[in-house]
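[1] I would like the atomic coordinates for the input below:
(chains A and B)
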Amino acid sequence: MNEVPIRAEQEKVIQEHYAPIYRFLRNLARRNEDAEDLSQQTFVRAFAAWHRYDERVPVRSWLYAIAFNEFCKLRRRRLWLPLHPDRPSKDDSYSKVDDAEALLDAIARLGAEVRATFLLHYVEELSIIEISNLMQIPEGTVKSRLSAARTRLKDLIQEAESYVPETV
Amino acid sequence: MSQKQFDFDHAIESLKAKKPSHVPSVSGLLAPRRPVLRRGVFRFAMVAAVAFVAVGLLWPRSTSIVAFAQVRDNLESQRRVHIVTEYKYLKGGQTEAWVDGDKFYHKLQFHANYPTFVAVSDGEYITRYMGGSKPQNGTVATAWKAKLSTKKAERFYIGPYGQGPNIVDEFLKSKSLELVGQKLIESPDGPVMRYSVRWSNREPMNVYADPKTKLISKIETLSNKGAVATETRIEYPTEIPASTFQFSIPGVQVRSIDDTQALIKSNVETGLGSQTVAGKTITLRAVLHDTNGGLWVLWTGGAPRGDLQHPVKIQGFPVPRTTKATFPGKLPEINAFGHKAFTVGAEAAKVGKPSPAIGQRLGGMGIGMRGRSLDKVTLTIPVLNSTGGKKLGEVTFKDVPVVKIQMIYDYSEILGIR
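    Residues are numbered from 1 along each chain as shown, chains lettered A, B, ... in the order given. I've put the predicted structure just below:
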């Protein structure tokens, strides 16, 4: 059984994995404050449950699983609704921001499990097998979710592109 | 207007580039991030005052310009409001709230056919309905009703943020509001004051108020393209019919949390049966099936260890898999999961406490039984040593009646969850 990691190991885990976990949660939750809260909760829970960690599983897969569970809890508490996502950073070029935000708007309209599957594969670059293990679903289900996501996103983005902003 | 071709790969690369503002140290990660948000019954006027104090004000340039402070003061004093928010980017997405002092009705709706969340209070009782997904414990669509007796009860019955998501609450809770402009404009309904308010890192919000009544009539939040993302209309009725605050959704049964609590308390007090093995007496205290499908089996006489390596067994079903990660492998048909309050782990005392009904802590676990309607179960409970790790034997309780609940946290007090 794993002992609770010592401080140096904890620092190493955070340095290696905090940024991608934050990115995943930020893309899921759409708000910086929520992503930071969820990231903190993810690592606190991970360190507390270290004795249950199975070393046959990559640490990052395990952390993504915890992160997604934390997001689902938040969603259940909040009856999740993206009331108003944070606007993009000023550092991003306009064209990148435009497409990324359009994609995130569309992703937000997918179910949480499909959304997470899509982000884990295309953004976090996890394999089908990794996603299957961490979400505890068959590989076929992962593939069908990705296919459904691509089809739905294409429709949503095309729909959004034809939306004309209202004039004030 | 020509349309730029959407670049999927470009968009994905942008999403990959998102980074946190900083990577915390271990001590920073373990420090509390921010104060717990105030919870409790929705008080529209109170939350208005909290946020508006932080706003930088522009003094009126003429008598026809109404200062933001005046609008805020009027809002604070209102007792009756009707708020409707439409989410332009979610077809049919809407929230609606009626408030009359201590009475309220709040509805969240994503789907055309049924509401997602409804909470109604007549000032004495609150009824809460969570729709949108089929209950996994065999119940029909159910709303849960409870007497508004304590603030703690209100928190669990209503939800962490009062009534649930409400654009006005979110706006008013923001700690970084900045008034960036105000103007008297013409509208089809006559002159209207328009305030541009910036909050956090968001696009400015437009707040509209009637210059005669000095009451806010509309709040718009904008997307990064400048389009209206949400539109909230606020009305101030002189009277709201009492029927507004009576819960009524066709096909939804209303069950009493108070009655269920009394039943659970009685079961915990008297027990559902006792058996002795290896010198240890196990008394079954609660068998609860929540709407998420979790079957909670709680007893006194020997709590399990946190890894649940000796799960409760339900007759007619496979032995539950525990939550220990064991990849790869076949997915468990049913699984055991826990709550620290019901184990012997080091943190159990932080999250659990003795049940006031019996002066002892309950031990036990949840078993994932989604999609099954269980009226009675025959279950086998492991008899464990004092550390919860060694199994000394097991006891079986036959045909135990199952109590259906919405969520276990509605009964935290009686079950001993902090």
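[2] alpha carbons only for contacts and neighbour counts from here, please
    Noted.
[3] Just list the residues touching the residue of chain A found nearest chain B, thanks.
    Chain A approaches chain B most closely through A:Ala100 (4.2 Å), counting by CA to the nearest CA. Contacts for A:Ala100 were tallied using CA atoms under 8 Å, 6 or more residues apart in numbering or on different chains; they are B:His10, B:Ala11, B:Ile12, B:Ser14, B:Leu15.
[4] so which helix or strand takes in it?
    helix A:94-107 (DSSP states H and E).
[5] of the contacts of A:Ala100, buried ones?
    Burial by neighbour count, judged by 16 or more other CA atoms under 10 Å in any protein chain shown, picks out B:Ala11, B:Ile12, B:Ser14, B:Leu15 from these.
[6] Now do the SS call for the last one.
    Applying DSSP: H, G, I helix; E, B strand; the rest coil to B:Leu15 yields a three-state assignment of helix.
[7] what's the weakest-modelled helix or strand in chain A?
    Within chain A, no helix or strand scores below helix A:94-107, which has a mean of 68 by mean pLDDT, DSSP states H and E.
[8] and the next element down the chain from that helix?
    Using DSSP H and E, the helix or strand that follows helix A:94-107 in sequence is helix A:112-118.
[9] Tell me which residues of that following helix come out buried.
    A:Ala112, A:Val114, A:Arg115, A:Ala116, A:Thr117, A:Phe118.
[10] Okay, and the most centrally placed residue in chain A sits in which element?
    Among the residues of chain A, A:Phe24 comes closest to the average C-alpha position under CA atoms, centre = their mean, at 3.2 Å. Assigned by DSSP H and E, A:Phe24 belongs to helix A:7-29.
[11] anything in that helix near chain B?
    Yes. Helix A:7-29 lies within reach of chain B by CA under 8 Å from any CA of the partner chain, at A:Arg7, A:Gln10, A:Glu11, A:Ile14, A:Gln15, A:Tyr18, A:Ala19, A:Pro20, A:Tyr22, A:Arg23, A:Arg26, A:Asn27.
[12] quick one: that helix to chain centroid distance?
    How far helix A:7-29 lies from its chain's middle: 12 Å, per CA atoms, centre = their mean, to the nearest Å.
[13] And for stretch B:188-195?
    The offset between the C-alpha centroid of stretch B:188-195 and the centroid of the whole chain comes to 37 Å, using CA atoms, centre = their mean.
[14] and if you look at stretch B:278-297?
    Put simply, stretch B:278-297 sits 25 Å off its chain's centre (CA atoms, centre = their mean).
[15] could you pick out which of the contacts of A:Ala100 are near chain A?
    Among these, proximity to chain A is found for B:His10, B:Ala11, B:Ile12, B:Ser14, B:Leu15 (CA under 8 Å from any CA).
[16] Tell me how far the fourth one lies from B:Tyr89.
    This means B:Ser14. Distance of B:Ser14 to B:Tyr89, given as CA to CA, to the nearest Å: 22 Å.
[17] where along the stretch 251-400 of chain B do the helices fall?
    B:257-270, B:348-351 (DSSP state H, counting those that start in this stretch).
[18] I'd like to know which elements the first one is packed against.
    Right, the one you point to is helix B:257-270. With contacts defined as 3 or more CA pairs under 8 Å, 6 or more residues apart in numbering or on different chains; DSSP states H and E, helix B:257-270 has these neighbours: strand B:142-147, strand B:280-289, helix B:412-415.
[19] can we see that at 10 Å?
    Packing partners of helix B:257-270 (3 or more CA pairs under 10 Å, 6 or more residues apart in numbering or on different chains; DSSP states H and E): strand B:142-147, strand B:280-289, strand B:294-300, strand B:403-404, helix B:412-415.
[20] so can I have JSON lines of these showing mean neighbour count and mean pLDDT?
    Listed next are those as JSON lines, based on neighbours: other CA atoms under 10 Å in any protein chain shown; pLDDT from 0 to 100:
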{"stretch": "strand B:142-147", "mean neighbour count": "21", "mean pLDDT": "87"}
{"stretch": "strand B:280-289", "mean neighbour count": "23", "mean pLDDT": "96"}
{"stretch": "strand B:294-300", "mean neighbour count": "24", "mean pLDDT": "95"}
{"stretch": "strand B:403-404", "mean neighbour count": "19", "mean pLDDT": "95"}
{"stretch": "helix B:412-415", "mean neighbour count": "22", "mean pLDDT": "91"}
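[21] Out of these, which is closest to A:Glu130?
    Minimum separation from A:Glu130 across those (CA to CA) falls at strand B:294-300, 26.4 Å.
[22] hmm, the closest one touching chain A?
    No. For strand B:294-300, no contact with chain A is found by CA under 10 Å from any CA of the partner chain; the gap never falls below 15.0 Å.
[23] hey, C-alpha coordinates of that strand in CSV?
    Extracted in CSV, the C-alpha atoms of strand B:294-300 (Å, rounded to 0.1, in the frame of the first residue of the first chain):
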residue,chain,number,x,y,z
GLY,B,294,-26.8,4.5,-3.9
LEU,B,295,-28.0,1.9,-1.3
TRP,B,296,-26.7,3.0,2.1
VAL,B,297,-26.3,0.3,4.7
LEU,B,298,-25.5,1.6,8.2
TRP,B,299,-24.9,-0.2,11.4
THR,B,300,-23.3,-0.1,14.9
